[in-house]
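Trainee: please work out how this folds:
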Amino acid sequence: MRLPILALLVSAAPLAAEPLLPPAGGAYDSQLSGAYAPPPGTRIVSRDRKDPPATGLYNICYVNAFQTQPDETAWWLATHPGLILRRDGLPVEDRNWPGELLLDTGSASKRKALLVVMTPWLQGCAAAGYDAIEADNLDSFSRSGGLLTAADNLDFARMLNERAAALGLASGQKNAVELGRAGRAAGFGFAIAESCEVFGECDSYAEVYGPRVLKIEYTDTPRAAFERACRERGRTGSVVLRDRELAPAGAPGHHHETCR
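Mentor: Presented below is the predicted three-dimensional model:
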């Protein structure tokens, strides 16, 4: 029996490959403040979307998807003022990171407009040769004073992750442990957890993402947390100790240390 033309076309179309996830337990470095030669043994690296990926490694492309980067805030205000979250007409700023304004994910129309802005960023990550994206500030709802909800951000995350997957990019959940398995349902395939040992959150991430949790501890918190992470998770997990500013190698304050 002859198949309809449409069925033939569908059956002949190649299946899209699943995005590649980072190697479980691979040594990790976060280079968001500037790219540099990865330390020996590094297998996974995060870099800003404007920097090139590292040759021969698993590369994660950083995108500040829920807040503005300080050097891009003026651009957002000039070109997309309606996508900035506001209270009483004034932009809502992240108190911990001056110059970062929260983006407004609070309605379907705003989320669609934000996706239009960020799609070229994701396309640039894919074209450059990155393997995944790191969509930062997923937890911006917790700093919005009730103007945004976790559901708002998860819905936008799902849209971003679907677009990334269509480009062959995996997606990493950055922080927001309180989301539990909802992050997985939104399309995240691994996690990047800052100070999870300090806050006692590492096991919660592992319950969702197994060994694919990239753990960053910082030098401005007690070193005992890093040592405990190495002792309890260093054999099979990805644990790195970095300076808070993620300074490039050779810059003042730079610190990079792994368990092995």
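
Trainee: those strands in the stretch 151-260 of the chain, which residues are they?
Mentor: Using DSSP state E, counting those that start in this stretch, the strands of the stretch 151-260 of the chain run over 170-174, 190-194, 213-218, 238-242, 256-258.

Trainee: now tabulate these in TSV and tack on distance to Tyr62 and mean pLDDT.
Mentor: Glycine gets a C-beta too; all of them are placed from N, C-alpha and C. What follows is the strands of the stretch 151-260 of the chain, written out as TSV (distance: least, Cβ to Cβ, whole Å; pLDDT from 0 to 100):
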stretch	distance to Tyr62	mean pLDDT
strand 170-174	9	98
strand 190-194	10	98
strand 213-218	12	98
strand 238-242	14	97
strand 256-258	17	96
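
Trainee: kindly reformat the ones you listed as TSV containing mean neighbour count and distance to Ala35.
Mentor: Shown next, in TSV, are those (neighbours: other Cβ atoms under 10 Å; distance: least, Cβ to Cβ, whole Å):
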stretch	mean neighbour count	distance to Ala35
strand 170-174	27	18
strand 190-194	24	17
strand 213-218	26	17
strand 238-242	25	14
strand 256-258	17	13
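
Trainee: let's have those in JSON lines, adding distance to Ala27.
Mentor: Output for the strands of the stretch 151-260 of the chain, formatted as JSON lines (distance: least, Cβ to Cβ, whole Å):
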{"stretch": "strand 170-174", "distance to Ala27": "16"}
{"stretch": "strand 190-194", "distance to Ala27": "14"}
{"stretch": "strand 213-218", "distance to Ala27": "10"}
{"stretch": "strand 238-242", "distance to Ala27": "7"}
{"stretch": "strand 256-258", "distance to Ala27": "5"}
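
Trainee: what about the ones you listed, which gets the closest to Pro22?
Mentor: strand 190-194 (5.7 Å; Cβ to Cβ).

Trainee: what helices or strands is the closest one leaning on?
Mentor: Packing contacts for strand 190-194, counted by 3 or more Cβ pairs under 8 Å, 6 or more residues apart in numbering; DSSP states H and E, involve strand 170-174, helix 202-209, strand 213-218.

Trainee: next, the angle strand 213-218 makes with that strand.
Mentor: Here strand 190-194 runs at an angle of 10 degrees relative to strand 213-218 (axes from the mean of the first three to the mean of the last three Cα atoms, to 10 degrees).

Trainee: how far does strand 190-194 sit from the chain's center?
Mentor: How far strand 190-194 lies from its chain's middle: 8 Å, per Cα atoms, centre = their mean, to the nearest Å.

Trainee: give me the residues contacting that strand.
Mentor: Outside strand 190-194, the residues within contact range by Cβ atoms under 8 Å, 6 or more residues apart in numbering are 21-22, 30, 46, 60, 132, 134, 170, 172-175, 177, 183, 201-202, 205, 208-209, 212-216, 218.

Trainee: okay, angle between it and strand 170-174 too, please.
Mentor: 30 degrees.

Trainee: where does the stretch 1-150 of the chain have low pLDDT?
Mentor: For the stretch 1-150 of the chain, the stretches flagged by pLDDT under 70 are 1-16.

Trainee: need the helices for this structure, in chain order.
Mentor: Counting by DSSP state H, the chain has helices at residues 5-12, 73-79, 108-128, 150-166, 182-185, 202-209, 223-233.

Trainee: Ala249 is nearest to which of those helices?
Mentor: Going by Cβ to Cβ, the one of the helices of the chain nearest Ala249 is helix 223-233, 18.8 Å.

Trainee: using CSV, list the CA coordinates for the closest one.
Mentor: Presented in CSV, the C-alpha positions along helix 223-233 are these (Å, rounded to 0.1, in the frame of the first residue of the first chain):
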residue,chain,number,x,y,z
ARG,A,223,36.4,26.9,53.5
ALA,A,224,34.9,24.0,55.5
ALA,A,225,32.0,23.9,53.1
PHE,A,226,34.3,23.2,50.1
GLU,A,227,36.2,20.6,52.1
ARG,A,228,33.0,18.9,53.1
ALA,A,229,31.8,19.0,49.5
CYS,A,230,35.0,17.4,48.3
ARG,A,231,34.9,14.8,51.1
GLU,A,232,31.3,13.8,50.5
ARG,A,233,30.8,14.5,46.8
